[in-house]
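Colleague: below are the sequence and a predicted model for it; my questions follow.
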Amino acid sequence: MYKKFLKRLIDFLVALAALPFLLLILAVVAPVIYFTDKGPVFYNAYRMGKNGKRFTMYKLRSMKVNAPDLRNPDGSTFNSENDPRVTAIGRFIRKTSIDELPQLLNVLKGDMSLVGPRPTLYSNDYFTFDAQTKKRYRVLPGITGYTQAYFRNSIGQEEKFRHDAWYVDNISFLLDVKVIFKTFFSVLKQKDIFVNANTQ
């Protein structure tokens, strides 16, 4: 009952109620992002959703406009907490997870849930994934999730997929509430935060 109906209803109602808060945050943060380098406020990218479906995920832009051109001397991309591609306001909105708030619009549209496996980059290889990897795509991806809340970026991709598969098998209202509270306190403590070089 919860997994098939109530979860989506709660998602929609909570996202709708949070819209005024989102607009308030945008009114403050959006001008700072824009005037930092006169670039777009949002970073919209294709992600893989439920059953491998492609959707556009909304985020606030945290990297410089010319980020793709900024590389190490050997041509590799940066992958550290001091990534020079990230703007000053970008570091702040990443550490506080404010950059993720526009995904409330994805929740309203039905592309995402409040809680679920974090969306991955879109790939045409969905049907070649193994059973455990594919299991995480049986549900809507989330703004936060079990793996995100309890491990942030402190574990590798393969281990993340294992935890995501466990979450899919054990979805419940109580578990989702625990994940939301854990996420809140993890953000406050800024625990296990790592700037991923492949995200804006």
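Modeller: Here it is on my side, so go on.

Colleague: looking at this structure, which helix is longest?
Modeller: Identified as the longest helix of the chain according to DSSP state H is helix 7-37.

Colleague: which helices and strands does that one pack with?
Modeller: With contacts defined as 3 or more C-beta pairs under 8 Å, 6 or more residues apart in numbering; DSSP states H and E, helix 7-37 has these neighbours: strand 54-60, helix 88-95, helix 103-109, strand 113-115. From N, CA and C alone the C-beta is placed, and that goes for glycine too.

Colleague: select, out of the ones you listed, the one closest to Asn170.
Modeller: Closest to Asn170 of the helices and strands packed on helix 7-37 is strand 113-115 (C-beta to C-beta; 12.0 Å).

Colleague: who does that closest one pair up with?
Modeller: strand 142-144 (parallel) (DSSP bridges).

Colleague: can you tell me the SS state at Arg47?
Modeller: Counting by DSSP: H, G, I helix; E, B strand; the rest coil, the backbone at Arg47 sits in strand.

Colleague: now do the same contact list for the residue lying closest to it once chain neighbours are set aside.
Modeller: Closest residue to Arg47 apart from its sequence neighbours, by C-beta to C-beta, 6 or more residues apart in numbering: Pro119 at 3.8 Å. Residues near Pro119 by C-beta atoms under 8 Å, 6 or more residues apart in numbering: Arg47, Met48, Gly49, Phe55, Met57, Met112, Pro141.

Colleague: that's all I had, so thanks and see you.
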